[in-house]
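K.L.:
My questions are about this predicted structure, shown below with the sequence.
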Amino acid sequence: MSQLFEALDFVENPLYEQIINDIGKQKYAIVDDFFSVEEVDVLRTSILDKHEEDAFKKAAIGNKFDELIVKTIRGDVILWIDEAKSNYAESLFFKKINDLVGYLNKTCFLGILHKEFHYAIYPKATFYKRHLDTFKNDDRRKLSFVCYLNHEDWQPENGGELVLYLDDNGQEVEKVVYPFPGRVVIFESQILEHEVKPVNTKRLSITGWLKTR
Ligand code: OGA
Ligand code: MN
């Protein structure tokens, strides 16, 4: 009986179906306006406030590298977000994430049980060299999720493009993604190598991972 109700309860969501199809076909999905202008606005205020409080840490890679080496690989500063202590902006963010995760779990049997998200700021002249998101020996990372919180007038000349390295029948193809505000990129963490090109203007984002058990 309850199963019947659940089945009747299910409403197909075209946006999520598009994401699922794209990831299935090409290992990534790009969604413009996943977050509205208003949502990006409150999230941008949140990231900038926290940065001003000096809460951010230099991002690490793996564990055994010293700071000098890290700087040659990535130059962003990050702050992990604790969902249990969400402010208003973060609760808006997690509401959308949890809705998407619920849908993925219902329709794709992905079994996403954990998630982790951090704010990221790339100061001018920083970058993140080509990498896979599973380098920390965390093979539970299934899907990488990036959402951009830059200003509405963000220009391609500001740099900081995300480049996804795709495989087209054995040929490597570069997919360039500009970090326009409200845009979300989701990709298979264990498959797609990618990098962030040097930025000319401070670049703001939230990055996270949807993880299996
Ligand atoms: C990362 C990453 C991509 C981006 O944080 O691991 O690859 O576009 N971010 O910010
Ligand atoms: Mn990455």
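P.N.:
Yep, that arrived. Ligands and ions are numbered 1, 2, ... in the order given.

K.L.:
In this structure, which residue sits nearest ligand 1?
P.N.:
Leu162 (3.6 Å; C-beta to the nearest ligand atom). For the C-beta atoms, the positions are set from N, CA and C on the backbone; glycine is no exception.

K.L.:
partner residues bridging that residue?
P.N.:
Going by DSSP bridges, Leu162 is paired in beta bridges with Val177, Val196.

K.L.:
Number of residues surrounding it?
P.N.:
Counted by other C-beta atoms under 10 Å, the residues lying close to Leu162 total 22.

K.L.:
can you check the one 10 residues further on too?
P.N.:
Residues within reach of Glu172, counting by other C-beta under 10 Å, total 9.

K.L.:
State the phi and psi torsions of it.
P.N.:
phi -80, psi 130 (degrees, to the nearest 10).

K.L.:
Check the contact between it and Val163; I expect there is one.
P.N.:
No. Using C-beta atoms under 8 Å as the test, Glu172 is too far from Val163 to be in contact (11.0 Å).

K.L.:
Spatially nearest residue to Glu174, not counting backbone neighbours?
P.N.:
Val163 (5.3 Å; C-beta to C-beta, 6 or more residues apart in numbering).

K.L.:
Now do the contacts for that neighbour.
P.N.:
The contact partners of Val163, taken as C-beta atoms under 8 Å, 6 or more residues apart in numbering, are Arg130, Glu174, Lys175, Val176, Val177, His194, Glu195, Val196, Lys197.

K.L.:
Make a markdown table out of those residues and add distance to Trp80, pLDDT and neighbour count.
P.N.:
Putting the contacts of Val163 into a markdown table (distance: C-beta to C-beta, whole Å; pLDDT from 0 to 100; neighbours: other C-beta atoms under 10 Å) gives the following:
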| residue | distance to Trp80 | pLDDT | neighbour count |
| --- | --- | --- | --- |
| Arg130 | 24 | 96 | 11 |
| Glu174 | 30 | 98 | 11 |
| Lys175 | 28 | 98 | 18 |
| Val176 | 28 | 98 | 10 |
| Val177 | 24 | 98 | 18 |
| His194 | 21 | 98 | 23 |
| Glu195 | 22 | 98 | 17 |
| Val196 | 19 | 98 | 27 |
| Lys197 | 24 | 98 | 17 |
